[in-house]
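Asks: Below are the sequence and a predicted model; questions follow.
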Amino acid sequence: MKTNETIFVCQNCGHQSRKWLGKCPECGEWNSLVEERARASKKGSARNTFQPREVEAIAYAEIESQDDVRIASGVTEFDRVLGGGIVPGTLVLIGGDPGIGKSTLLLQVADQLSGNGGAVLYVSGEESERQIKMRGERLGIKAQNLYLLPETNLENIFHEVERLKPTAIVVDSIQTVFSAMIESAPGSVSQVREAAHQFLLLAKKRTIPVFLIGHITKDGSIAGPKALEHVVDTVLYFEGERHHNHRIVRAVKNRFGAANEIGIFEMTGAGLIPVANPSQMFLQERPQNVAGSVVTACMEGTRPLLVEIQALVSETKYGTGRRMTQGVDQNRVSLLMAMLEKRVGLQMLGDDVFVNIAGGLEVDEPAVDLGVVAAITSSFRSKPIDPHTAVFGEVGLTGEVRGTTQAVVRAREAQALGFKTIVMPSSNTAGLERMLGIRTVGVRSVEEALAELF
């Protein structure tokens with residue numbers, strides 16, 4: 001490619017074209033190609049600032065184990081999501097809706113890390129140092145060795161890193177950082193990709209943990225090229241309803257821990273507070289002896305959670321009933337309702353059916369199938385389920401109840417919250433009743449489960 005040649009770059013996936021196209025041929029996005037000027041990097045540019053050192057191949061057996069080098073961030077739920085702590089040299093990308101708490105959480109983490117003796121650099125491209133100071137005073141942080149840098153130029157940031165030599169870096173946000181060596185606007189694909197690669201080289205060479213805050217698009221994914229998520233070691237998403245006090249940090253990618261792990265926080269005036277017992281939080285306002293309510297045990301990463309499934313079946317005023325869900329897959333609920341009509345004989349074609357996971361949590365694992373079936377049947381028959389009974393299990397199209405993974409962990413969580421009976425797949429009940437000391441009922445079909453519950 002010639003120097004100063006104009007190219008068109010897709011802002012969604014990074015595809016490059018020599019001419020403008022209305023639809024990106026790579027990702028199919030419309031009107032996403034933006035004109036940029038491709039120019040060869042100058043000598044001494046940011047791309048050459050951090051060069052990988054020359055190394056020789058090392059035998060696998062000679063490499064020491066790295067499990068014991070994790071750094072505690074001081075925020076327990078954040079450590080859980082990262083897999084047990086911060087790994088030196090890791091590059092973490094955090095995305096979420098505006099105002100959900102990304103900057104607040106990382107400011108709290110930076111405060112805790114600065115208390116360990118090393119300097120922590122907080123780079124802000126969206127707020128001034130006075131605005132961050134106001135937030136810090138509201139949170140009541142001490143910030144003994146926390147340094148604020150309101151800067152967006154990549155070269156200036158690296159110059160300050162060379163001078164300060166911090167033990168951790170926070171960048172808020174990666175879309176505001178730009179390199180003077182690239183002739184494109186901040187936030188463009190070229191700038192985001194360049195900045196992410198430079199921070200990756202910095203993190204790996206200096207073994208400094210770097211946290212990047214990323215903007216998200218209207219569909220909820222992190223803005224910028226998909227390569228941004230491939231470059232980093234860990235991708236965290238902030239989730240949560242604005243009408244609820246709790247926030248969920250979910251790991252969708254983690255090279256140093258379990259993927260899909262979650263951490264649960266409560267948003268307060270003093271910042272984000274880790275929730276030690278999330279199951280109790282989700283069930284604290286659960287109604288007693290009401291038809292259409294049942295508790296099920298689900299797994300989020302390595303953590304068991306007890307959540308309440310609510311269902312409402314009412315006669316429709318239209319020809320065909322509506323099917324609406326919140327927190328569970330609507331297609332999965334429709335499939336389970338068709339199974340109930342065929343195998344159990346519940347005719348709900350002329351009824352409106354609404355299913356909700358109380359508390360704003362989203363559950364996508366098949367182990368909640370039996371809970372959805374029980375809640376719908378309870379509302380349809382107007383018969384409440386014993387409030388001290390929990391259910392879980394995967395349901396097939398023929399009405400069979402299949403075994404689930406980590407049944408012991410789910411059952412222990414139900415026992416810890418005072419449940420007396422657990423209805424679960426029969427293939428998972430071996431030795432559980434003797435181990436836990438509570439009544440476990442193994443079922444092989446939906447008919448057996450409903451007969452036990454009602």
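Replies: That came through fine.

Asks: Direction included, what does the longest strand seen in the chain pair against?
Replies: Criterion DSSP state E: the longest strand present in the chain is strand 303-315. In the sheet, strand 303-315 lines up against strand 293-300 (antiparallel), strand 351-357 (antiparallel) (DSSP bridges).

Asks: how about it: buried residues?
Replies: 303-313 (16 or more other C-beta atoms under 10 Å). Yep, even glycine has a C-beta here, placed from its N, CA and C like the rest.

Asks: With stretch 149-157 instead?
Replies: Buried, per 16+ other C-beta under 10 Å, within stretch 149-157: 149, 151-152, 154-155, 157.

Asks: same question, stretch 231-245
Replies: In stretch 231-245, counting by 16+ other C-beta under 10 Å, buried: 231-240.

Asks: do stretch 16-26 as well
Replies: For stretch 16-26, the buried set under the neighbour-count rule, 16+ other C-beta under 10 Å, comprises Cys24.

Asks: Over to stretch 386-397?
Replies: Buried residues in stretch 386-397 (16+ other C-beta under 10 Å): 387, 389-395.

Asks: Can you measure across stretch 209-227, start residue to end residue?
Replies: Using C-alpha to C-alpha, to the nearest Å, the end-to-end distance of stretch 209-227 comes out at 20 Å.

Asks: and what of stretch 119-131?
Replies: Per C-alpha to C-alpha, the first residue of stretch 119-131 is 20 Å away from its last.

Asks: Equivalent analysis for stretch 137-147, please.
Replies: Start-to-end span of stretch 137-147 (C-alpha to C-alpha) is 15 Å.

Asks: How far off centre is that stretch?
Replies: Distance, stretch centre to chain centre, for stretch 137-147: 26 Å (C-alpha atoms, centre = their mean, to the nearest Å).

Asks: try stretch 113-129
Replies: So, by C-alpha atoms, centre = their mean, the centroid of stretch 113-129 is 24 Å from its chain's centroid.

Asks: Ok, stretch 314-333 next?
Replies: On C-alpha atoms, centre = their mean, the centre of stretch 314-333 falls 27 Å from the chain's centre.

Asks: again with stretch 252-260
Replies: 10 Å.

Asks: next one: stretch 91-103
Replies: 10 Å.

Asks: likewise stretch 435-453?
Replies: On C-alpha atoms, centre = their mean, the centre of stretch 435-453 falls 33 Å from the chain's centre.

Asks: do the same with stretch 422-429
Replies: On C-alpha atoms, centre = their mean, the centre of stretch 422-429 falls 29 Å from the chain's centre.

Asks: Ok, stretch 394-405 next?
Replies: In this view, stretch 394-405 has its centroid 27 Å away from the chain centroid, taken as C-alpha atoms, centre = their mean.

Asks: ok, Val443 to Ala414 distance?
Replies: Distance of Val443 to Ala414, computed by C-beta to C-beta, to the nearest Å: 16 Å.

Asks: Repeat that for Leu21.
Replies: Counting by C-beta to C-beta, the gap from Leu21 to Ala414 is 55 Å.

Asks: just Tyr122 next, same as before
Replies: Going from Tyr122 to Ala414 by C-beta to C-beta gives 42 Å.
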